[in-house]
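K.L.:
just a sequence and a predicted model for now, questions to come.
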Amino acid sequence: MARGITESDVHTAADELVAKGERPTVERIRAHLGTGSPNTVTRWLETWWNRLGTRLQPRRPDFEDAPAVLAELAGQWWELALTHAREAPLREFAETERSLATQREALDARSRLVADELSQMRPERASAIAGERIASTQAAELERLVDQLHRQISELTEQRDLGLRRADRAEAARQHLDARLHETLETAKSEREDWTEYVRSVENRTLGDVDRSRQEAKDLQAQLNNQAKAQRAIEDQLRQELHAAQSAAISAGQAADVLRGRCEGLEKQLSSLRELPVQLEAAFKRNTPKQATPRLRPRRQSPKST
(Lines give C-alpha, C1' and ligand atoms only; values in the text may rest on other atoms or scores of the structure.)
Protein backbone atom coordinates (compact mmCIF):
# COMPACT_ATOMS: atom_id res chain seq x y z
CA MET A 1 0.00 0.00 0.00
CA ALA A 2 1.45 3.44 -1.02
CA ARG A 3 2.47 5.75 1.87
CA GLY A 4 0.88 9.23 1.92
CA ILE A 5 3.19 12.22 1.38
CA THR A 6 3.93 14.61 4.24
CA GLU A 7 4.51 18.34 4.44
CA SER A 8 8.23 17.74 4.87
CA ASP A 9 8.30 15.65 1.65
CA VAL A 10 6.66 18.46 -0.32
CA HIS A 11 8.94 21.15 1.16
CA THR A 12 12.08 19.09 0.49
CA ALA A 13 10.97 18.45 -3.11
CA ALA A 14 10.30 22.19 -3.61
CA ASP A 15 13.74 23.09 -2.26
CA GLU A 16 15.39 20.53 -4.56
CA LEU A 17 13.52 21.93 -7.57
CA VAL A 18 14.61 25.48 -6.66
CA ALA A 19 18.19 24.24 -6.31
CA LYS A 20 17.93 22.88 -9.86
CA GLY A 21 16.75 26.29 -11.08
CA GLU A 22 13.15 25.13 -11.61
CA ARG A 23 10.01 26.69 -10.28
CA PRO A 24 8.20 24.32 -7.91
CA THR A 25 4.70 23.49 -9.15
CA VAL A 26 2.17 20.85 -8.19
CA GLU A 27 2.86 18.72 -11.28
CA ARG A 28 6.64 19.00 -10.93
CA ILE A 29 6.54 18.07 -7.22
CA ARG A 30 4.29 15.07 -7.97
CA ALA A 31 6.64 14.03 -10.79
CA HIS A 32 9.66 14.52 -8.50
CA LEU A 33 8.10 12.48 -5.67
CA GLY A 34 6.45 9.96 -7.99
CA THR A 35 3.28 10.03 -5.89
CA GLY A 36 0.84 12.33 -4.11
CA SER A 37 -2.60 13.63 -4.85
CA PRO A 38 -2.97 17.15 -6.34
CA ASN A 39 -4.97 18.40 -3.32
CA THR A 40 -2.34 17.27 -0.79
CA VAL A 41 0.57 18.66 -2.83
CA THR A 42 -1.29 21.97 -3.27
CA ARG A 43 -1.94 22.28 0.48
CA TRP A 44 1.69 21.62 1.49
CA LEU A 45 3.03 23.77 -1.36
CA GLU A 46 1.03 26.71 -0.02
CA THR A 47 2.72 26.33 3.40
CA TRP A 48 6.09 26.19 1.62
CA TRP A 49 5.33 29.49 -0.14
CA ASN A 50 4.11 31.03 3.11
CA ARG A 51 7.34 30.14 4.88
CA LEU A 52 9.55 31.01 1.96
CA GLY A 53 9.68 34.72 2.81
CA THR A 54 10.81 34.03 6.36
CA ARG A 55 13.40 31.56 5.14
CA LEU A 56 14.74 33.99 2.53
CA GLN A 57 14.82 36.98 4.89
CA PRO A 58 18.42 36.93 6.21
CA ARG A 59 19.83 39.48 8.39
CA ARG A 60 20.49 42.75 6.66
CA PRO A 61 24.22 43.15 5.98
CA ASP A 62 26.03 45.45 8.24
CA PHE A 63 27.28 48.38 6.17
CA GLU A 64 28.32 50.52 9.13
CA ASP A 65 31.94 50.42 8.10
CA ALA A 66 31.08 51.08 4.38
CA PRO A 67 30.76 54.55 2.85
CA ALA A 68 27.34 56.13 3.12
CA VAL A 69 26.70 56.11 -0.63
CA LEU A 70 27.70 52.45 -0.94
CA ALA A 71 25.62 51.57 2.06
CA GLU A 72 22.65 53.40 0.56
CA LEU A 73 23.02 51.59 -2.77
CA ALA A 74 23.46 48.24 -1.08
CA GLY A 75 20.34 48.87 0.96
CA GLN A 76 18.36 49.73 -2.16
CA TRP A 77 19.58 46.60 -3.93
CA TRP A 78 18.68 44.52 -0.92
CA GLU A 79 15.22 45.96 -0.78
CA LEU A 80 14.75 45.32 -4.51
CA ALA A 81 15.95 41.74 -4.08
CA LEU A 82 13.54 41.20 -1.21
CA THR A 83 10.70 42.74 -3.20
CA HIS A 84 11.49 40.59 -6.19
CA ALA A 85 11.74 37.54 -3.98
CA ARG A 86 8.35 38.31 -2.47
CA GLU A 87 6.68 39.07 -5.82
CA ALA A 88 7.99 35.98 -7.62
CA PRO A 89 6.42 33.49 -5.18
CA LEU A 90 3.24 35.53 -5.21
CA ARG A 91 3.07 35.37 -9.02
CA GLU A 92 3.78 31.66 -8.95
CA PHE A 93 1.21 31.24 -6.22
CA ALA A 94 -1.34 33.16 -8.31
CA GLU A 95 -0.56 31.00 -11.31
CA THR A 96 -0.86 27.92 -9.12
CA GLU A 97 -4.19 29.16 -7.79
CA ARG A 98 -5.42 29.80 -11.32
CA SER A 99 -4.25 26.33 -12.36
CA LEU A 100 -5.89 24.84 -9.29
CA ALA A 101 -9.07 26.80 -9.98
CA THR A 102 -9.08 25.50 -13.54
CA GLN A 103 -8.50 21.98 -12.28
CA ARG A 104 -11.15 22.50 -9.63
CA GLU A 105 -13.63 23.68 -12.25
CA ALA A 106 -12.72 20.70 -14.40
CA LEU A 107 -13.17 18.44 -11.39
CA ASP A 108 -16.50 20.13 -10.58
CA ALA A 109 -17.64 19.67 -14.17
CA ARG A 110 -16.48 16.12 -14.09
CA SER A 111 -18.23 15.63 -10.74
CA ARG A 112 -21.44 17.05 -12.19
CA LEU A 113 -21.02 14.80 -15.24
CA VAL A 114 -20.44 11.83 -12.98
CA ALA A 115 -23.48 12.83 -10.90
CA ASP A 116 -25.58 13.12 -14.06
CA GLU A 117 -24.29 9.77 -15.20
CA LEU A 118 -25.08 8.32 -11.78
CA SER A 119 -28.59 9.79 -11.87
CA GLN A 120 -29.01 8.32 -15.34
CA MET A 121 -27.56 5.05 -14.16
CA ARG A 122 -29.99 4.71 -11.24
CA PRO A 123 -32.83 3.43 -13.44
CA GLU A 124 -30.29 1.30 -15.25
CA ARG A 125 -29.07 0.09 -11.87
CA ALA A 126 -32.65 -0.73 -10.86
CA SER A 127 -33.11 -2.47 -14.18
CA ALA A 128 -29.80 -4.23 -13.64
CA ILE A 129 -30.90 -5.32 -10.16
CA ALA A 130 -34.22 -6.57 -11.56
CA GLY A 131 -32.32 -8.23 -14.38
CA GLU A 132 -29.98 -9.77 -11.84
CA ARG A 133 -32.95 -11.13 -9.91
CA ILE A 134 -34.49 -12.45 -13.13
CA ALA A 135 -31.11 -13.87 -14.09
CA SER A 136 -30.84 -15.50 -10.66
CA THR A 137 -34.30 -17.00 -11.09
CA GLN A 138 -33.43 -18.12 -14.59
CA ALA A 139 -30.12 -19.48 -13.35
CA ALA A 140 -31.95 -21.49 -10.68
CA GLU A 141 -34.40 -22.71 -13.31
CA LEU A 142 -31.52 -23.52 -15.65
CA GLU A 143 -29.76 -25.36 -12.84
CA ARG A 144 -32.95 -27.35 -12.24
CA LEU A 145 -33.20 -28.05 -15.98
CA VAL A 146 -29.54 -29.05 -16.04
CA ASP A 147 -30.15 -31.48 -13.17
CA GLN A 148 -33.19 -32.81 -15.00
CA LEU A 149 -31.13 -33.14 -18.19
CA HIS A 150 -28.43 -34.96 -16.23
CA ARG A 151 -31.05 -37.39 -14.94
CA GLN A 152 -32.46 -37.81 -18.44
CA ILE A 153 -28.94 -38.33 -19.79
CA SER A 154 -28.37 -40.98 -17.12
CA GLU A 155 -31.65 -42.68 -18.03
CA LEU A 156 -30.84 -42.44 -21.74
CA THR A 157 -27.38 -43.83 -21.04
CA GLU A 158 -28.93 -46.79 -19.22
CA GLN A 159 -31.42 -47.25 -22.07
CA ARG A 160 -28.56 -47.02 -24.57
CA ASP A 161 -26.56 -49.63 -22.66
CA LEU A 162 -29.65 -51.84 -22.47
CA GLY A 163 -30.21 -51.32 -26.20
CA LEU A 164 -26.58 -52.19 -26.89
CA ARG A 165 -26.88 -55.36 -24.84
CA ARG A 166 -30.08 -56.24 -26.69
CA ALA A 167 -28.35 -55.44 -29.97
CA ASP A 168 -25.47 -57.74 -29.00
CA ARG A 169 -27.92 -60.52 -28.14
CA ALA A 170 -29.80 -59.86 -31.39
CA GLU A 171 -26.53 -59.93 -33.33
CA ALA A 172 -25.57 -63.23 -31.68
CA ALA A 173 -29.03 -64.62 -32.50
CA ARG A 174 -28.72 -63.33 -36.06
CA GLN A 175 -25.33 -65.00 -36.47
CA HIS A 176 -26.78 -68.22 -35.06
CA LEU A 177 -29.72 -67.96 -37.46
CA ASP A 178 -27.34 -67.20 -40.32
CA ALA A 179 -25.38 -70.33 -39.47
CA ARG A 180 -28.59 -72.37 -39.30
CA LEU A 181 -29.82 -70.77 -42.53
CA HIS A 182 -26.53 -71.58 -44.25
CA GLU A 183 -26.72 -75.14 -42.97
CA THR A 184 -30.37 -75.37 -44.07
CA LEU A 185 -29.52 -73.97 -47.50
CA GLU A 186 -26.70 -76.46 -47.89
CA THR A 187 -29.02 -79.28 -46.82
CA ALA A 188 -31.75 -78.00 -49.16
CA LYS A 189 -29.22 -77.75 -51.97
CA SER A 190 -28.10 -81.33 -51.38
CA GLU A 191 -31.70 -82.52 -51.14
CA ARG A 192 -32.59 -80.55 -54.27
CA GLU A 193 -29.76 -82.21 -56.14
CA ASP A 194 -30.93 -85.60 -54.85
CA TRP A 195 -34.51 -84.82 -55.84
CA THR A 196 -33.36 -83.57 -59.22
CA GLU A 197 -31.55 -86.84 -59.81
CA TYR A 198 -34.56 -88.77 -58.53
CA VAL A 199 -36.96 -86.80 -60.74
CA ARG A 200 -34.67 -87.32 -63.70
CA SER A 201 -34.64 -91.06 -63.10
CA VAL A 202 -38.41 -91.05 -62.55
CA GLU A 203 -38.87 -89.11 -65.77
CA ASN A 204 -36.73 -91.62 -67.59
CA ARG A 205 -38.75 -94.48 -66.12
CA THR A 206 -41.96 -92.62 -66.82
CA LEU A 207 -41.00 -92.03 -70.42
CA GLY A 208 -40.33 -95.76 -70.76
CA ASP A 209 -43.66 -96.51 -69.07
CA VAL A 210 -45.38 -94.03 -71.37
CA ASP A 211 -43.93 -95.74 -74.40
CA ARG A 212 -45.04 -99.11 -73.07
CA SER A 213 -48.44 -97.68 -72.19
CA ARG A 214 -48.81 -96.28 -75.67
CA GLN A 215 -48.04 -99.67 -77.14
CA GLU A 216 -50.41 -101.36 -74.71
CA ALA A 217 -53.05 -98.75 -75.57
CA LYS A 218 -52.62 -99.55 -79.24
CA ASP A 219 -52.99 -103.23 -78.47
CA LEU A 220 -56.05 -102.58 -76.30
CA GLN A 221 -57.53 -100.37 -78.99
CA ALA A 222 -57.11 -103.19 -81.49
CA GLN A 223 -58.71 -105.60 -79.05
CA LEU A 224 -61.52 -103.13 -78.43
CA ASN A 225 -62.05 -102.80 -82.16
CA ASN A 226 -62.22 -106.55 -82.48
CA GLN A 227 -64.55 -106.79 -79.50
CA ALA A 228 -66.69 -103.99 -80.94
CA LYS A 229 -67.01 -105.93 -84.17
CA ALA A 230 -67.94 -109.07 -82.25
CA GLN A 231 -70.32 -107.04 -80.10
CA ARG A 232 -72.01 -105.62 -83.17
CA ALA A 233 -72.39 -109.11 -84.58
CA ILE A 234 -73.82 -110.31 -81.27
CA GLU A 235 -76.13 -107.29 -81.14
CA ASP A 236 -77.39 -108.08 -84.65
CA GLN A 237 -78.00 -111.68 -83.66
CA LEU A 238 -79.69 -110.58 -80.44
CA ARG A 239 -81.89 -108.17 -82.37
CA GLN A 240 -82.97 -111.00 -84.63
CA GLU A 241 -83.56 -113.24 -81.65
CA LEU A 242 -85.42 -110.44 -79.87
CA HIS A 243 -87.61 -109.93 -82.92
CA ALA A 244 -88.31 -113.62 -83.00
CA ALA A 245 -88.92 -113.64 -79.24
CA GLN A 246 -91.27 -110.69 -79.57
CA SER A 247 -93.18 -112.56 -82.24
CA ALA A 248 -93.22 -115.66 -80.05
CA ALA A 249 -94.25 -113.51 -77.08
CA ILE A 250 -97.20 -112.21 -79.03
CA SER A 251 -98.22 -115.73 -79.87
CA ALA A 252 -97.50 -116.77 -76.28
CA GLY A 253 -99.63 -113.89 -75.07
CA GLN A 254 -102.53 -115.07 -77.09
CA ALA A 255 -102.00 -118.60 -75.80
CA ALA A 256 -101.61 -117.22 -72.31
CA ASP A 257 -105.00 -115.58 -72.54
CA VAL A 258 -106.48 -118.93 -73.39
CA LEU A 259 -104.51 -120.58 -70.63
CA ARG A 260 -105.44 -117.81 -68.21
CA GLY A 261 -109.12 -118.60 -68.83
CA ARG A 262 -108.43 -122.22 -68.27
CA CYS A 263 -106.42 -121.43 -65.12
CA GLU A 264 -109.25 -119.41 -63.68
CA GLY A 265 -111.61 -122.35 -64.23
CA LEU A 266 -109.10 -124.70 -62.70
CA GLU A 267 -108.58 -122.40 -59.71
CA LYS A 268 -112.31 -122.45 -59.11
CA GLN A 269 -112.31 -126.18 -59.29
CA LEU A 270 -109.29 -126.29 -56.98
CA SER A 271 -111.08 -124.11 -54.45
CA SER A 272 -114.02 -126.48 -54.53
CA LEU A 273 -111.70 -129.42 -54.08
CA ARG A 274 -110.00 -127.70 -51.13
CA GLU A 275 -113.36 -127.30 -49.40
CA LEU A 276 -114.38 -130.87 -50.14
CA PRO A 277 -112.42 -132.56 -47.25
CA VAL A 278 -113.96 -130.19 -44.76
CA GLN A 279 -117.40 -130.90 -46.10
CA LEU A 280 -116.73 -134.63 -46.08
CA GLU A 281 -115.43 -134.53 -42.49
CA ALA A 282 -118.44 -132.60 -41.40
CA ALA A 283 -120.74 -135.07 -43.12
CA PHE A 284 -118.79 -137.95 -41.64
CA LYS A 285 -119.13 -136.50 -38.17
CA ARG A 286 -122.82 -136.11 -38.64
CA ASN A 287 -123.25 -139.66 -39.84
CA THR A 288 -120.89 -141.44 -37.30
CA PRO A 289 -122.46 -142.31 -33.77
CA LYS A 290 -120.64 -141.43 -30.61
CA GLN A 291 -118.81 -144.35 -28.85
CA ALA A 292 -116.97 -144.56 -25.51
CA THR A 293 -113.37 -144.35 -26.02
CA PRO A 294 -111.59 -147.27 -24.17
CA ARG A 295 -109.09 -146.18 -21.49
CA LEU A 296 -105.76 -147.52 -22.33
CA ARG A 297 -103.59 -148.57 -19.40
CA PRO A 298 -100.04 -147.62 -19.63
CA ARG A 299 -97.81 -150.42 -20.58
CA ARG A 300 -95.37 -151.36 -17.87
CA GLN A 301 -91.87 -151.51 -19.04
CA SER A 302 -89.96 -154.61 -18.10
CA PRO A 303 -86.62 -154.16 -16.46
CA LYS A 304 -83.61 -154.65 -18.62
CA SER A 305 -81.49 -157.66 -17.97
CA THR A 306 -78.01 -156.96 -16.99
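P.N.:
That came through, no problem. Numbers count the residues shown, from 1 in each chain.
K.L.:
what is the neighbour count of Thr96?
P.N.:
Thr96: 19 surrounding residues under other CB atoms under 10 Å. Every C-beta, even on glycine, is put in place using the N, C-alpha and C of the backbone.
K.L.:
doesn't Thr42 make contact with it?
P.N.:
Yes. Thr96 lies in contact with Thr42 (CB atoms under 8 Å); the separation is 7.2 Å.
K.L.:
joint contacts of these two?
P.N.:
Common contacts of Thr96 and Thr42, defined by CB atoms under 8 Å, 6 or more residues apart in numbering, comprise Val26.
K.L.:
so how far is Glu7 from Thr40?
P.N.:
Distance, Thr40 to Glu7, by CB to CB, to the nearest Å: 9 Å.
K.L.:
go on, Leu164?
P.N.:
Taken as CB to CB, the span from Leu164 to Glu7 is 83 Å.
K.L.:
those two: which is more packed in?
P.N.:
Neighbour count, other CB under 10 Å: between Leu164 and Glu7, Glu7 has more, with 13 against 10.
K.L.:
residue ranges with poor pLDDT in the protein?
P.N.:
Low-confidence segments of the chain (pLDDT under 70): 1-3, 56-90, 92-93, 288-306.
K.L.:
show me where it has its helices.
P.N.:
With helices called from DSSP state H, the chain shows them at 7-19, 26-33, 38-56, 68-287.
K.L.:
and the third one, how far out from the chain middle?
P.N.:
Its chain's average C-alpha position is 85 Å from that of helix 38-56, according to CA atoms, centre = their mean, to the nearest Å.
K.L.:
could you number the chain from 37 rather than 1 from now on?
P.N.:
Yep, numbering from 37; the last one is helix 74-92 now.
K.L.:
quick one, phi psi at Arg59?
P.N.:
With angles defined as degrees, to the nearest 10, Arg59 sits at phi -80, psi 130.
K.L.:
now for it, how many residues are close by?
P.N.:
Look at Arg59: counted by other CB under 10 Å, it has 14 neighbours.
K.L.:
what does the one 3 residues further on give?
P.N.:
With neighbours defined by other CB under 10 Å, the count for Val62 comes to 21.
K.L.:
and for Leu53?
P.N.:
Leu53, neighbours per other CB under 10 Å, totals 17.
K.L.:
now swap in Ala49 and tell me
P.N.:
For Ala49, using other CB under 10 Å, the count is 23.
K.L.:
roughly how far does it sit from Ile65?
P.N.:
5 Å.
K.L.:
please apply the same query to Arg91.
P.N.:
Between Arg91 and Ile65 the computed distance is 17 Å (CB to CB).
K.L.:
these two: who's more crowded?
P.N.:
The neighbour comparison of Arg91 against Ile65 (other CB under 10 Å) goes to Ile65, with 25 against 10.
K.L.:
surely that one is in contact with Val77?
P.N.:
Yes. In this structure, Ile65 is within contact of Val77 by CB under 8 Å, at 5.2 Å.
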